[in-house]
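Engineer: A structural model of the following input is requested.
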Amino acid sequence: MKHGRKLLAPVAGYTPGEQPTDPGVIKLNTNENPYPPSPKVMEALRALDPGALRRYPDPVSARFRAACAARHGLPGPEWVIAGNGMDELLSLVLRTFVDPGDDVLAPYPTYSLYEVLCALHGCRMVSVDLDGDFQLTEAFFKTPARLCFLARPNAPTGVAVPRGAVERLCREFPGIVVIDEAYVDFCDDHCMDFPERFENAIVMRTFSKSFSLAGMRVGVAAARPELINEFMKVKDSYNMNAVSQAVGLAAIEDYGYMRASAERVRATRAWLRAELTALGFNVPESQSNFLLARWAGTPNARGLFEALRGEKNILVRYFPHRMLADALRITVGTDDECAALVRALGEIIG
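Structural biologist: Presented below is the predicted three-dimensional model:
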(Lines give C-alpha, C1' and ligand atoms only; values in the text may rest on other atoms or scores of the structure.)
Protein backbone atom coordinates (compact mmCIF):
# COMPACT_ATOMS: atom_id res chain seq x y z
CA MET A 1 0.00 0.00 0.00
CA LYS A 2 1.72 3.16 -1.26
CA HIS A 3 0.17 5.60 1.19
CA GLY A 4 -0.54 3.30 4.13
CA ARG A 5 1.15 3.41 7.51
CA LYS A 6 3.96 0.91 8.04
CA LEU A 7 2.34 -0.06 11.32
CA LEU A 8 -0.78 -1.28 9.49
CA ALA A 9 0.99 -3.36 6.83
CA PRO A 10 1.00 -6.65 8.79
CA VAL A 11 -2.40 -6.12 10.45
CA ALA A 12 -5.21 -8.27 9.05
CA GLY A 13 -7.97 -6.56 11.04
CA TYR A 14 -10.74 -8.14 13.09
CA THR A 15 -13.00 -10.71 11.41
CA PRO A 16 -16.57 -10.39 12.71
CA GLY A 17 -19.07 -13.22 12.52
CA GLU A 18 -21.06 -13.69 9.33
CA GLN A 19 -24.24 -11.60 9.02
CA PRO A 20 -26.52 -13.45 6.58
CA THR A 21 -29.19 -11.71 4.51
CA ASP A 22 -31.36 -14.83 4.16
CA PRO A 23 -34.11 -14.63 6.84
CA GLY A 24 -34.40 -18.41 6.81
CA VAL A 25 -30.96 -18.94 8.32
CA ILE A 26 -30.79 -20.08 11.94
CA LYS A 27 -28.16 -17.67 13.22
CA LEU A 28 -26.18 -19.04 16.16
CA ASN A 29 -22.80 -17.53 15.36
CA THR A 30 -22.48 -14.02 16.85
CA ASN A 31 -23.84 -14.34 20.41
CA GLU A 32 -26.79 -12.01 19.92
CA ASN A 33 -29.76 -12.27 22.27
CA PRO A 34 -32.59 -14.20 20.58
CA TYR A 35 -35.19 -12.10 22.39
CA PRO A 36 -36.16 -8.48 21.68
CA PRO A 37 -35.12 -5.49 23.79
CA SER A 38 -37.37 -4.05 26.46
CA PRO A 39 -40.65 -2.51 25.23
CA LYS A 40 -39.49 0.64 27.00
CA VAL A 41 -36.59 0.82 24.57
CA MET A 42 -39.02 0.84 21.67
CA GLU A 43 -41.11 3.50 23.44
CA ALA A 44 -37.99 5.64 23.85
CA LEU A 45 -37.28 5.34 20.13
CA ARG A 46 -40.81 6.36 19.17
CA ALA A 47 -40.76 9.26 21.63
CA LEU A 48 -37.48 10.69 20.39
CA ASP A 49 -37.81 14.39 19.60
CA PRO A 50 -36.74 15.09 15.97
CA GLY A 51 -34.77 17.99 17.40
CA ALA A 52 -32.50 15.47 19.09
CA LEU A 53 -31.28 14.49 15.62
CA ARG A 54 -30.63 18.08 14.60
CA ARG A 55 -28.64 19.00 17.69
CA TYR A 56 -25.38 17.51 18.93
CA PRO A 57 -25.92 14.96 21.72
CA ASP A 58 -24.82 15.34 25.33
CA PRO A 59 -21.04 14.96 24.96
CA VAL A 60 -20.67 13.13 28.29
CA SER A 61 -23.92 11.07 28.31
CA ALA A 62 -24.70 12.43 31.78
CA ARG A 63 -28.17 10.93 32.36
CA PHE A 64 -27.15 7.53 31.04
CA ARG A 65 -23.97 7.44 33.13
CA ALA A 66 -25.88 8.47 36.26
CA ALA A 67 -28.43 5.72 35.71
CA CYS A 68 -25.68 3.11 35.20
CA ALA A 69 -23.85 4.24 38.34
CA ALA A 70 -27.06 4.02 40.37
CA ARG A 71 -27.95 0.59 39.02
CA HIS A 72 -24.52 -0.86 39.77
CA GLY A 73 -24.12 0.71 43.20
CA LEU A 74 -21.26 3.02 42.24
CA PRO A 75 -20.75 6.30 44.14
CA GLY A 76 -21.71 8.51 41.19
CA PRO A 77 -21.56 9.12 37.43
CA GLU A 78 -17.95 10.22 37.70
CA TRP A 79 -17.16 6.50 38.10
CA VAL A 80 -18.59 5.67 34.65
CA ILE A 81 -17.77 6.41 31.02
CA ALA A 82 -20.12 5.56 28.14
CA GLY A 83 -18.95 4.36 24.76
CA ASN A 84 -20.05 3.55 21.23
CA GLY A 85 -20.21 -0.11 22.11
CA MET A 86 -17.67 -1.78 24.34
CA ASP A 87 -15.30 -2.17 21.40
CA GLU A 88 -14.75 1.59 21.42
CA LEU A 89 -13.93 1.45 25.13
CA LEU A 90 -11.42 -1.35 24.52
CA SER A 91 -9.72 0.84 21.94
CA LEU A 92 -9.87 3.85 24.25
CA VAL A 93 -8.26 2.00 27.15
CA LEU A 94 -5.16 1.33 25.05
CA ARG A 95 -4.99 4.91 23.77
CA THR A 96 -5.41 6.18 27.32
CA PHE A 97 -3.15 3.95 29.39
CA VAL A 98 -0.68 2.19 27.05
CA ASP A 99 2.21 3.68 25.09
CA PRO A 100 3.30 2.22 21.74
CA GLY A 101 5.91 -0.44 22.42
CA ASP A 102 4.44 -1.46 25.78
CA ASP A 103 3.37 -5.03 26.57
CA VAL A 104 -0.29 -5.94 27.04
CA LEU A 105 -1.18 -9.24 28.73
CA ALA A 106 -4.10 -11.53 27.91
CA PRO A 107 -4.85 -15.22 28.29
CA TYR A 108 -5.11 -17.50 25.26
CA PRO A 109 -7.57 -18.22 23.81
CA THR A 110 -9.66 -15.10 24.30
CA TYR A 111 -11.45 -12.33 22.39
CA SER A 112 -9.36 -11.88 19.25
CA LEU A 113 -10.09 -8.14 18.98
CA TYR A 114 -7.62 -7.50 21.81
CA GLU A 115 -4.70 -8.55 19.65
CA VAL A 116 -5.92 -6.53 16.67
CA LEU A 117 -6.29 -3.38 18.80
CA CYS A 118 -2.80 -3.86 20.21
CA ALA A 119 -1.34 -4.19 16.70
CA LEU A 120 -3.15 -1.03 15.59
CA HIS A 121 -1.81 0.86 18.61
CA GLY A 122 1.75 -0.39 18.16
CA CYS A 123 1.96 -2.28 21.44
CA ARG A 124 2.78 -5.96 21.92
CA MET A 125 0.25 -8.59 22.95
CA VAL A 126 1.71 -11.13 25.37
CA SER A 127 -0.50 -14.22 25.46
CA VAL A 128 -0.28 -16.90 28.16
CA ASP A 129 -2.09 -20.17 27.56
CA LEU A 130 -5.00 -21.14 29.78
CA ASP A 131 -4.82 -24.60 31.32
CA GLY A 132 -6.81 -27.64 30.19
CA ASP A 133 -9.87 -26.37 32.06
CA PHE A 134 -9.55 -22.90 30.49
CA GLN A 135 -8.40 -21.35 33.77
CA LEU A 136 -5.49 -18.98 34.46
CA THR A 137 -2.10 -20.52 35.18
CA GLU A 138 0.60 -19.45 37.61
CA ALA A 139 2.63 -18.22 34.63
CA PHE A 140 -0.13 -15.73 33.83
CA PHE A 141 0.04 -14.15 37.29
CA LYS A 142 3.81 -13.85 37.03
CA THR A 143 3.83 -12.06 33.65
CA PRO A 144 4.31 -8.27 33.92
CA ALA A 145 2.77 -5.82 31.45
CA ARG A 146 1.39 -2.28 31.25
CA LEU A 147 -2.22 -3.50 31.00
CA CYS A 148 -4.10 -6.80 31.21
CA PHE A 149 -7.25 -7.83 29.36
CA LEU A 150 -9.34 -10.45 31.14
CA ALA A 151 -12.68 -11.45 29.64
CA ARG A 152 -14.94 -12.84 32.35
CA PRO A 153 -16.75 -14.94 31.23
CA ASN A 154 -14.16 -15.64 28.59
CA ALA A 155 -14.82 -15.74 24.87
CA PRO A 156 -14.82 -18.09 23.09
CA THR A 157 -14.74 -20.63 25.95
CA GLY A 158 -17.64 -19.33 28.06
CA VAL A 159 -15.69 -20.20 31.22
CA ALA A 160 -15.51 -17.65 34.04
CA VAL A 161 -12.34 -17.26 36.11
CA PRO A 162 -13.26 -17.42 39.83
CA ARG A 163 -13.62 -14.05 41.55
CA GLY A 164 -10.79 -14.99 43.90
CA ALA A 165 -8.40 -15.31 40.96
CA VAL A 166 -9.46 -11.90 39.65
CA GLU A 167 -8.92 -10.40 43.10
CA ARG A 168 -5.41 -11.84 43.15
CA LEU A 169 -4.73 -10.42 39.70
CA CYS A 170 -5.86 -6.94 40.72
CA ARG A 171 -3.71 -7.08 43.86
CA GLU A 172 -0.53 -8.39 42.21
CA PHE A 173 -0.58 -7.03 38.65
CA PRO A 174 1.54 -3.86 38.29
CA GLY A 175 -0.68 -2.17 35.69
CA ILE A 176 -4.30 -1.67 34.68
CA VAL A 177 -6.60 -4.71 34.82
CA VAL A 178 -9.48 -4.52 32.32
CA ILE A 179 -12.24 -6.93 33.32
CA ASP A 180 -14.34 -7.47 30.22
CA GLU A 181 -17.83 -8.39 31.45
CA ALA A 182 -19.56 -8.45 28.06
CA TYR A 183 -21.38 -11.67 29.00
CA VAL A 184 -21.63 -11.25 32.75
CA ASP A 185 -25.42 -11.01 32.91
CA PHE A 186 -25.52 -14.72 32.02
CA CYS A 187 -23.01 -15.49 34.80
CA ASP A 188 -23.52 -16.43 38.46
CA ASP A 189 -21.56 -13.42 39.76
CA HIS A 190 -19.71 -10.28 38.65
CA CYS A 191 -16.85 -7.91 39.52
CA MET A 192 -18.59 -4.55 39.36
CA ASP A 193 -17.54 -3.90 42.96
CA PHE A 194 -13.85 -4.12 42.02
CA PRO A 195 -13.31 -0.45 40.98
CA GLU A 196 -14.07 0.65 44.54
CA ARG A 197 -11.79 -2.05 45.95
CA PHE A 198 -8.84 -1.82 43.53
CA GLU A 199 -7.36 1.37 42.12
CA ASN A 200 -6.20 -0.40 38.91
CA ALA A 201 -9.49 -2.18 38.03
CA ILE A 202 -11.65 -1.16 35.07
CA VAL A 203 -14.86 -3.15 34.54
CA MET A 204 -16.49 -2.98 31.11
CA ARG A 205 -20.04 -3.90 30.08
CA THR A 206 -21.90 -4.01 26.78
CA PHE A 207 -25.60 -3.65 26.03
CA SER A 208 -25.25 -5.83 22.91
CA LYS A 209 -25.84 -9.19 24.60
CA SER A 210 -28.18 -9.29 27.58
CA PHE A 211 -29.98 -6.02 26.72
CA SER A 212 -30.52 -7.08 23.05
CA LEU A 213 -29.03 -3.84 21.70
CA ALA A 214 -26.23 -5.10 19.43
CA GLY A 215 -27.54 -2.86 16.64
CA MET A 216 -27.27 0.29 18.77
CA ARG A 217 -23.64 0.08 19.99
CA VAL A 218 -23.87 0.94 23.69
CA GLY A 219 -21.17 0.19 26.25
CA VAL A 220 -19.98 1.41 29.64
CA ALA A 221 -16.83 1.16 31.73
CA ALA A 222 -16.58 1.63 35.50
CA ALA A 223 -13.40 2.78 37.23
CA ARG A 224 -12.18 5.25 39.80
CA PRO A 225 -12.77 8.89 38.85
CA GLU A 226 -9.08 9.57 38.26
CA LEU A 227 -9.07 6.85 35.58
CA ILE A 228 -12.36 8.05 34.08
CA ASN A 229 -10.88 11.55 33.83
CA GLU A 230 -8.05 10.14 31.70
CA PHE A 231 -10.58 8.42 29.44
CA MET A 232 -12.39 11.73 29.00
CA LYS A 233 -9.24 13.33 27.60
CA VAL A 234 -9.08 10.75 24.82
CA LYS A 235 -12.66 9.96 23.80
CA ASP A 236 -14.27 11.57 20.75
CA SER A 237 -16.20 14.78 21.43
CA TYR A 238 -19.62 13.19 20.85
CA ASN A 239 -18.92 9.48 21.05
CA MET A 240 -22.48 8.46 22.04
CA ASN A 241 -25.22 9.59 19.65
CA ALA A 242 -28.58 10.82 20.92
CA VAL A 243 -30.45 7.67 19.92
CA SER A 244 -28.00 5.35 21.68
CA GLN A 245 -28.16 7.48 24.83
CA ALA A 246 -31.97 7.40 24.84
CA VAL A 247 -32.30 3.65 24.32
CA GLY A 248 -29.43 2.87 26.69
CA LEU A 249 -31.16 4.87 29.41
CA ALA A 250 -34.48 3.12 28.77
CA ALA A 251 -32.79 -0.27 28.86
CA ILE A 252 -30.89 0.23 32.13
CA GLU A 253 -34.04 1.62 33.76
CA ASP A 254 -35.94 -1.56 32.85
CA TYR A 255 -33.32 -3.84 34.38
CA GLY A 256 -35.89 -6.45 35.41
CA TYR A 257 -36.82 -7.09 31.78
CA MET A 258 -33.18 -7.80 30.94
CA ARG A 259 -32.82 -10.15 33.90
CA ALA A 260 -35.87 -12.15 32.78
CA SER A 261 -34.46 -12.38 29.25
CA ALA A 262 -31.07 -13.53 30.56
CA GLU A 263 -32.71 -16.20 32.70
CA ARG A 264 -34.50 -17.59 29.66
CA VAL A 265 -31.16 -17.87 27.89
CA ARG A 266 -29.57 -19.55 30.92
CA ALA A 267 -32.34 -22.16 31.03
CA THR A 268 -31.94 -22.96 27.33
CA ARG A 269 -28.16 -23.06 27.77
CA ALA A 270 -28.47 -25.81 30.39
CA TRP A 271 -30.76 -27.85 28.12
CA LEU A 272 -28.52 -27.41 25.09
CA ARG A 273 -25.40 -28.38 27.00
CA ALA A 274 -27.05 -31.62 28.15
CA GLU A 275 -28.19 -32.43 24.60
CA LEU A 276 -24.76 -31.75 23.09
CA THR A 277 -23.12 -33.87 25.78
CA ALA A 278 -25.50 -36.71 24.95
CA LEU A 279 -24.40 -36.46 21.31
CA GLY A 280 -20.78 -36.95 22.36
CA PHE A 281 -19.51 -33.37 22.58
CA ASN A 282 -17.29 -32.25 25.45
CA VAL A 283 -18.88 -28.97 26.60
CA PRO A 284 -17.24 -26.93 29.38
CA GLU A 285 -19.69 -25.34 31.80
CA SER A 286 -20.49 -21.96 30.29
CA GLN A 287 -21.33 -18.78 32.16
CA SER A 288 -22.17 -16.97 28.94
CA ASN A 289 -24.86 -17.01 26.24
CA PHE A 290 -22.92 -19.50 24.14
CA LEU A 291 -21.32 -22.93 24.45
CA LEU A 292 -17.95 -24.20 23.26
CA ALA A 293 -18.67 -27.71 22.02
CA ARG A 294 -15.51 -29.79 21.54
CA TRP A 295 -15.71 -32.73 19.16
CA ALA A 296 -13.38 -35.67 18.55
CA GLY A 297 -15.53 -37.62 16.10
CA THR A 298 -16.23 -37.77 12.38
CA PRO A 299 -16.66 -35.49 10.55
CA ASN A 300 -14.30 -33.20 12.42
CA ALA A 301 -15.36 -29.84 13.86
CA ARG A 302 -14.67 -27.98 10.61
CA GLY A 303 -16.71 -30.59 8.76
CA LEU A 304 -19.61 -30.15 11.16
CA PHE A 305 -19.44 -26.37 10.74
CA GLU A 306 -19.50 -26.67 6.95
CA ALA A 307 -22.31 -29.25 6.94
CA LEU A 308 -24.46 -27.13 9.26
CA ARG A 309 -23.94 -24.10 7.05
CA GLY A 310 -24.21 -25.78 3.65
CA GLU A 311 -26.82 -28.46 4.30
CA LYS A 312 -28.88 -27.30 7.28
CA ASN A 313 -28.88 -23.50 6.91
CA ILE A 314 -27.54 -23.13 10.45
CA LEU A 315 -24.65 -20.80 11.26
CA VAL A 316 -22.32 -21.45 14.20
CA ARG A 317 -18.74 -20.24 14.68
CA TYR A 318 -15.58 -22.18 13.91
CA PHE A 319 -12.09 -20.96 14.79
CA PRO A 320 -9.24 -22.74 12.96
CA HIS A 321 -6.79 -21.87 15.70
CA ARG A 322 -4.70 -23.65 18.28
CA MET A 323 -6.75 -25.04 21.22
CA LEU A 324 -9.97 -24.31 19.30
CA ALA A 325 -9.77 -26.27 16.04
CA ASP A 326 -11.70 -29.19 17.56
CA ALA A 327 -14.65 -27.07 18.65
CA LEU A 328 -17.74 -25.15 17.57
CA ARG A 329 -18.88 -22.04 19.39
CA ILE A 330 -22.66 -22.09 19.50
CA THR A 331 -24.83 -19.14 20.49
CA VAL A 332 -27.78 -20.02 22.70
CA GLY A 333 -30.81 -19.17 20.58
CA THR A 334 -34.49 -19.73 21.19
CA ASP A 335 -35.66 -23.16 22.33
CA ASP A 336 -36.83 -23.95 18.79
CA GLU A 337 -33.55 -22.83 17.23
CA CYS A 338 -31.51 -24.93 19.63
CA ALA A 339 -33.75 -27.95 19.08
CA ALA A 340 -33.26 -27.58 15.31
CA LEU A 341 -29.49 -27.45 15.84
CA VAL A 342 -29.50 -30.63 17.93
CA ARG A 343 -31.58 -32.46 15.31
CA ALA A 344 -29.27 -31.28 12.53
CA LEU A 345 -26.14 -32.37 14.39
CA GLY A 346 -27.69 -35.76 15.08
CA GLU A 347 -28.41 -36.21 11.37
CA ILE A 348 -24.90 -35.16 10.34
CA ILE A 349 -23.15 -37.30 12.93
CA GLY A 350 -25.41 -40.24 12.19
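
Engineer: Every contact and neighbour count from this point should use C-alpha atoms.
Structural biologist: OK.

Engineer: quick one: the strands in this structure?
Structural biologist: 26-27, 80-83, 103-108, 124-129, 147-151, 176-180, 201-206, 219-222, 290-294, 314-315, 317-318, 327-331 (DSSP state E).

Engineer: can I get those in CSV with mean pLDDT, distance to Ala67 and mean neighbour count?
Structural biologist: Conversion of those to CSV gives the following (pLDDT from 0 to 100; distance: least, C-alpha to C-alpha, whole Å; neighbours: other C-alpha atoms under 10 Å):
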stretch, mean pLDDT, distance to Ala67, mean neighbour count
strand 26-27, 97, 32, 23
strand 80-83, 98, 10, 29
strand 103-108, 98, 31, 23
strand 124-129, 98, 34, 18
strand 147-151, 98, 24, 24
strand 176-180, 98, 20, 24
strand 201-206, 98, 14, 26
strand 219-222, 98, 11, 26
strand 290-294, 98, 28, 25
strand 314-315, 98, 36, 23
strand 317-318, 96, 35, 22
strand 327-331, 98, 29, 26
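
Engineer: Quick one: residues contacting the residue most central in space within the chain.
Structural biologist: Geometric centre of the chain, nearest residue: Ala182, 3.6 Å, by C-alpha atoms, centre = their mean. Neighbour list for Ala182: Met86, Ala151, Arg152, Pro153, Met204, Arg205, Thr206, Phe207, Lys209 [criterion: C-alpha atoms under 8 Å, 6 or more residues apart in numbering].

Engineer: would you turn the residues you listed into a markdown table with distance to Leu94?
Structural biologist: As requested, these are arranged in a markdown table below (distance: C-alpha to C-alpha, whole Å):
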| residue | distance to Leu94 |
| --- | --- |
| Met86 | 13 |
| Ala151 | 16 |
| Arg152 | 19 |
| Pro153 | 21 |
| Met204 | 14 |
| Arg205 | 17 |
| Thr206 | 18 |
| Phe207 | 21 |
| Lys209 | 23 |
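
Engineer: Surely Ile228 and Gly76 touch.
Structural biologist: No. Using C-alpha atoms under 8 Å, Ile228 makes no contact with Gly76, being 11.8 Å away.

Engineer: out of those two, which sits in the busier spot?
Structural biologist: Comparing Ile228 with Gly76 by other C-alpha atoms under 10 Å, the one with more neighbours is Ile228, at 19 against 15.

Engineer: Show the model's pLDDT score for the more buried one.
Structural biologist: Looking at Ile228, its pLDDT stands at 98.

Engineer: try the one 10 residues further on
Structural biologist: What the model reports as pLDDT for Tyr238 is 95.

Engineer: do the same with the one 4 residues further on
Structural biologist: Here the pLDDT value assigned to Ala242 is 96.

Engineer: same thing with the one 10 residues further on?
Structural biologist: pLDDT recorded at Ile252 is 98.

Engineer: Could you check how many residues crowd around it?
Structural biologist: 20.

Engineer: I figured it hits Cys68, correct?
Structural biologist: Yes. With contact defined as C-alpha under 8 Å, Ile252 counts as touching Cys68 (6.7 Å).

Engineer: Show me where the protein has its helices.
Structural biologist: With DSSP state H, the ranges of helices along the chain come out as 39-46, 51-54, 62-71, 85-97, 113-121, 138-141, 163-172, 194-197, 225-234, 242-253, 255-279, 301-311, 335-349.

Engineer: and the first one, which residues are buried?
Structural biologist: Applying a neighbour-count criterion of 16 or more other C-alpha atoms under 10 Å, one finds Lys40, Val41, Ala44 buried in helix 39-46.

Engineer: average pLDDT across that helix?
Structural biologist: The average pLDDT within helix 39-46 is 96.

Engineer: go on, the second one?
Structural biologist: Throughout helix 51-54, pLDDT has a mean value of 90.

Engineer: For it, which helices and strands make contact with it?
Structural biologist: On a contact count with 3 or more C-alpha pairs under 8 Å, 6 or more residues apart in numbering; DSSP states H and E, helix 51-54 meets no helix or strand.

Engineer: coming back round to it: so which of the strands of the chain is nearest Ala139?
Structural biologist: Taking C-alpha to C-alpha, strand 124-129 is the member of the strands of the chain nearest to Ala139, at 7.2 Å.

Engineer: got the angle between that closest one and strand 103-108?
Structural biologist: Relative orientation of strand 124-129 versus strand 103-108 (axes from the mean of the first three to the mean of the last three C-alpha atoms, to 10 degrees): 30 degrees.
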